[in-house]
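Below are the sequence and a predicted model; questions follow.
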Amino acid sequence: MLRLLLGVVIAAAFVNAAAAEDAYVVGMTAGLTGPTASTFAPVAEAMRIYFDRVNAAGGINGRPVKLVILDDQGEPQKAGANVKQLLTWNNAILLIDSSLSSTFAPAIGEAKRANVPLLFIGSVCPKEVYPPAEAGQYCTTAFASNFDSRASLTFVKGTSSEPARIGFAAATIPVSRAEIDFAEKYATDLGMAAVDKELIPPTTADFTPFATKLVAAKPSWVYSWAAWVIQVQLFEAMRRLGWEGNFIGWAHQEAEDELKRLKDPHLYVIGANALFQEQLPVQKEIEGAAAKAASRYPANQMSEGWIGGLMIEAALEHASWPVTAAKVQDALQNLQVDMKGIRAAPMEWTQTNHFRTLQSYRIYNWDAAKGQIATTKKGLDYEIK
Amino acid sequence: MLPPPCGLAATSRKSALVNSAPLQRTLLLQLVVNMLVLASIYALIACGYVLIYRVSRVMNLAQGELMMLGAYLLLTTASVFHKNAELAIGAAVVLSTCCGILVYIFLMRKMTGESVLAAVLATIALGILLRGLMILIWSAQQQYPGQSLGLTSTAIALPGGARVSTFAAALIVINALTYASLFVFLRFGRWGLRMRAAGQNPLLAAQRGIKLHAIYALAWALSTMTGSLAGMLIALDSGLTANMAVLGLKAFPAALVGGLDSLLGTLIGAAIVAAAEILSIQYVDPLLSDVMPFLVLLAMLIVRPWGLFGTREDLDRV
């Protein structure tokens, strides 16, 4: 019996290795379930659909892409184990982390040990990808620490002749808190009055207590940089308390449907990805692919995953065949890819910049007169040096 | 194109909380309303812990997931009975009650004769399974069952300038009705009496002809139903997220603070936990709000481990 079991394991290892030799193996650890699944599951779904299409069209350099997706539930230990498995069992030549920032450390550790490049897609970009970038880590995600707050607050300042009274809301996770702390300071530098800052746990049952405190501080604007659920539930709770000010939050992938649901002209979302109401050819392509694949997630939540797909496809194309992790690494740090309008500028990675060279923002809100989402502002650009 | 200016002028518009009454009084009233809403959420969820514990001495750690299941069932019934809210909510309540019975029949009944710890571990496993299944079936997206039913959560202005959303008000009312009905049922109902008897002495109750399995199934049904009601109302008020189950854990201290075998204790425990949470947000540090229920629980465990209205012997037995 033991011999038989050993035989099966060895045979499976050979089959796995043989399959890996014929394909570009890309390994992904993602928070498919767990508390942040609504953010990361659509990213993984979009990537799966993207590479199914690539493979159906003949693959890259005549070879298919084998995308192996493992669920880490947003837990660091599981992410570490996933990455180990992707490296040792699946022989991945490129890794993706699409999960909570707490999963980064184990994923980075394993990737570094194996000298395999690691991409962050749909998750927060770690500071190591900004110039001067550390070798081996890259990020495609739209949001960018500090730059997002700068753009948001610059917009807020530009909308009113009087200094705004601004309230802030963050989630009780380090990355969100750090961003809102930065925003609070930046707002003061811009001459605004920072009237309140609420730190909201993701496990909140009722947002009204936080809204009560914020409303009592009488802000004319509220800025939030947190998960969409926190942003929107806080906003709705404030509205129910009779607050009529302006709210600006990050345009997470749920934002488009939510703007349509709420129809509130004073709710603004800021982001780097074009919303699907712009009806770009690439967005129609994503809609078609999502419909064909009978996706469980709406196409308008797939921009982040699609961008990841575009970048990986370009990198693997440059890495040619036979492929190694080192060749992929070389390709990644000399890459420029047209975003087809999803982002205002091409994504460019250099030896020292693994984030992008230009971060361009758009701001949307609901146009009550036209009964549709309006592009309030475009071209809030920041060079990343 | 920007909508009409909404800068500082916005605050000078009529904002109920800020301008309609002396600020302090309105704020205090609002805090009381917030406490009532949060206490109702916790009480409605925690009621399920108590019902099962009273009858079978099992702590159901899947209560949060069963609550979330109720909300997802409403999402499904809302898409089937489009725009017919009464029918959709009624169907979801019936379905979740049936789920409670099924959980007992297919899982907890098999634990008969096993240690209480084994039964508790089985509920943990059930919770993990349900969480995974719900994401597989309904996806991880934030969803709004109220949208399909044409229901929106609007604000109700209360005397004194405080406000409450329609579904939060419904939560308070339904919580009160649930507890009143349970009180009447357990005190005067034939099956309620049997439930109490089974809880006090299962052996004697069985010898007197009480069908223990039927009683336990009833406890699971009622527990799932009350949790589901909470899940449905939260989903109607602010949407349904895949991590809603965590609320089950946050409601757990309410049951323990009140005493795990006392429904009245649970009501009071929920009020204490909610008050501590809201006052910490308002006057201490919002960061504390997440841990406040557990700080209250710790304090209670140190001072009176069996809870405010719990029975000391029962705790010793656990």
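Perfect, I can see it now. Residues are numbered from 1 along each chain as shown, chains lettered A, B, ... in the order given.

how about the residue in the stretch 51-200 of chain B positioned nearest to chain A, secondary structure?
Nearest residue of the stretch 51-200 of chain B to chain A, counting by CB to the nearest CB: residue B:140, 3.3 Å away. To be clear about C-beta, it is placed using only N, CA and C from the backbone, and glycine gets the same treatment. Three-state call for residue B:140 (DSSP: H, G, I helix; E, B strand; the rest coil): coil.

Same check on residue A:362?
strand.

got a list of what it touches?
Each residue near residue A:362 by CB atoms under 8 Å, 6 or more residues apart in numbering or on different chains is listed here: A:251, A:270-272, A:274-275, A:344, A:375, A:377-380.

ditto for residue B:66
B:48, B:60, B:96, B:99-100, B:103, B:130, B:223-224, B:227-228, B:248.

what about 6 Å?
B:224, B:227 (CB atoms under 6 Å, 6 or more residues apart in numbering or on different chains).

ok, so what distance separates it from residue A:164?
Per CB to CB, to the nearest Å, residue B:66 is found 45 Å from residue A:164.

Now the residue of the stretch 51-200 of chain B closest to chain A. Its backbone dihedrals?
Per-residue torsions, residue B:140: phi -100, psi 0 (degrees, to the nearest 10).

I'd say it and residue A:39 touch.
No. Shown here, residue B:140 and residue A:39 do not form a contact pair, counting by CB atoms under 6 Å, at 8.3 Å.

count of residues packed around the residue in the stretch 251-385 of chain A that chain B sits nearest to?
In the stretch 251-385 of chain A, no residue comes nearer to chain B than residue A:265, which is 3.7 Å away by CB to the nearest CB. A total of 20 residues lie near residue A:265 under the criterion other CB atoms under 10 Å in any protein chain shown.

right, and it touches residue A:369 too?
No. Taking contacts as CB under 6 Å, residue A:265 lies outside contact range of residue A:369: 8.9 Å.

Break down chain A into its strands, ranges please.
Secondary structure of chain A (DSSP state E): strands at A:24-30, A:65-71, A:94-98, A:118-120, A:137-139, A:165-171, A:193-200, A:221-224, A:246-250, A:267-271, A:335-337, A:347-349, A:358-367, A:372-383.

Contacts for the first one, please.
Taking contacts as CB under 6 Å, 6+ apart, the residues outside strand A:24-30 that touch it are A:40, A:44, A:63, A:65-70, A:72, A:79, A:82-83, A:86, A:90-99, A:316, A:323.

Can you report how many residues lie near residue B:98?
14.

ugh, typo on my part, it should be residue A:370
Neighbour tally, residue A:370, other CB under 10 Å: 9.

which residues in chain A form helices?
Shown for chain A, the helices assigned by DSSP state H span residues A:2-21, A:37-56, A:76-88, A:104-114, A:147-159, A:174-189, A:208-216, A:228-240, A:255-262, A:281-292, A:303-319, A:325-332.

hmm, the third one in reach of chain B?
No. Counting by CB under 6 Å from any CB of the partner chain, chain B is not contacted by helix A:76-88; separation bottoms out at 13.2 Å.

what residue lies at the spatial centre of chain A?
Chain A has residue A:122 as the residue nearest its centroid, 2.3 Å off, counting by CA atoms, centre = their mean.

so what's it closest to, chain neighbours aside?
residue A:43 (3.5 Å; CB to CB, 6 or more residues apart in numbering or on different chains).

cool, residue B:222 as well?
In space, residue B:222 is closest to residue B:51, 5.3 Å off (CB to CB, 6+ apart).

tell me the SS of the one you found?
Residue B:51 falls in the helix class when you classify it by three-state DSSP.

Kindly provide the distance from it to residue A:292.
The value you get for residue B:51 to residue A:292, if CB to CB is used, is 48 Å.

More neighbours: which of these two?
Neighbours were counted for residue B:51 and for residue A:292 using other CB under 10 Å; residue B:51 has more, 30 against 11.

Can you name the residues of the stretch 151-300 of chain B that neighbour chain A?
B:155, B:163, B:165, B:238, B:241-243, B:246-247, B:278, B:281-282, B:286-287, B:290.

give me that answer again for 8 Å
Counting by CB under 8 Å from any CB of the partner chain, the residues of the stretch 151-300 of chain B close to chain A are B:153-155, B:157, B:163-165, B:168, B:234, B:238-239, B:241-243, B:246-247, B:249-250, B:277-278, B:281-282, B:286-287, B:289-290.

Filter those residues down to the buried ones and hand me the ChimeraX line.
In ChimeraX, this line selects whichever of those come out buried by 16 or more other CB atoms under 10 Å in any protein chain shown:
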select /B:153,155,163,164,165,168,234,238,239,241,242,243,246,247,249,250,277,278,281,282,286,287,289,290
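
Residue A:289: neighbour count?
Neighbour tally, residue A:289, other CB under 10 Å: 18.

burial count for residue B:64?
27.

Could you do residue A:350 as well?
14.

my guess is it meets residue A:334, correct?
Yes. Using CB atoms under 8 Å, residue A:350 is in contact with residue A:334, at 7.0 Å.

so what sits against both of these two?
With CB under 8 Å, 6+ apart as the test, residue A:350 and residue A:334 reach no residue in common.

Tell me which of the helices of chain A is the most buried.
helix A:208-216 (a mean of 27; mean count of other CB atoms under 10 Å in any protein chain shown).

wait, does that helix contact chain B?
Yes. Under the criterion of CB under 8 Å from any CB, chain B is reached by helix A:208-216 at A:208-210, A:212-213, A:215-216.

Could you export those residues as JSON lines, including pLDDT?
JSON lines is the format used below for the residues of helix A:208-216 next to chain B (pLDDT from 0 to 100):
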{"residue": "A:208", "pLDDT": "95"}
{"residue": "A:209", "pLDDT": "95"}
{"residue": "A:210", "pLDDT": "96"}
{"residue": "A:212", "pLDDT": "95"}
{"residue": "A:213", "pLDDT": "95"}
{"residue": "A:215", "pLDDT": "95"}
{"residue": "A:216", "pLDDT": "93"}
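
For the residues you listed, work out which two are farthest apart.
Comparing every pair within the residues of helix A:208-216 next to chain B by CB to CB identifies A:208 and A:216 as the most remote, at 12.1 Å.

contacting residues around residue 61?
I went with chain A, as the question did not name one. A:316-317, A:320-321.

Correction: the question concerned chain B.
B:120, B:123-124, B:127, B:248.

From the contact counts, what lies against the host helix or strand of residue B:94?
Assigned by DSSP states H and E, residue B:94 belongs to helix B:85-106. For helix B:85-106, the packing partners by 3 or more CB pairs under 8 Å, 6 or more residues apart in numbering or on different chains; DSSP states H and E come out as helix B:63-80, helix B:145-149, helix B:212-238.

In the stretch 1-150 of chain B, where is pLDDT below threshold?
B:1-22 (pLDDT under 70).

what's near enough to touch the residue nearest to residue B:84 when sequence neighbours are not counted?
Nearest-residue entry for residue B:84: residue B:149, 7.4 Å, with adjacent residues in sequence omitted and distances by CB to CB, 6+ apart. With contact taken as CB under 8 Å, 6+ apart, residue B:149 is in contact with B:78, B:82-85, B:88, B:236.

now do residue A:336
With CB under 8 Å, 6+ apart, residue A:336 has these contacts: A:346-349.

cool, and residue B:224?
Contacts of residue B:224 (CB under 8 Å, 6+ apart): B:48, B:66, B:69-70, B:96-97, B:99-100, B:103.

Next: residue A:384.
A:130-131, A:144, A:147, A:353, A:355-359.

if we go to 6 Å?
A:355, A:357, A:359.

Tell me which residues touch the closest residue to the first one other than its chain neighbours, please.
Spelled out, that is residue A:355. With CB to CB, 6+ apart as the criterion, residue A:355 has its nearest non-adjacent residue at 4.7 Å, and that residue is residue A:129. Contact analysis of residue A:129 by CB under 6 Å, 6+ apart lists A:137-139, A:354-355.
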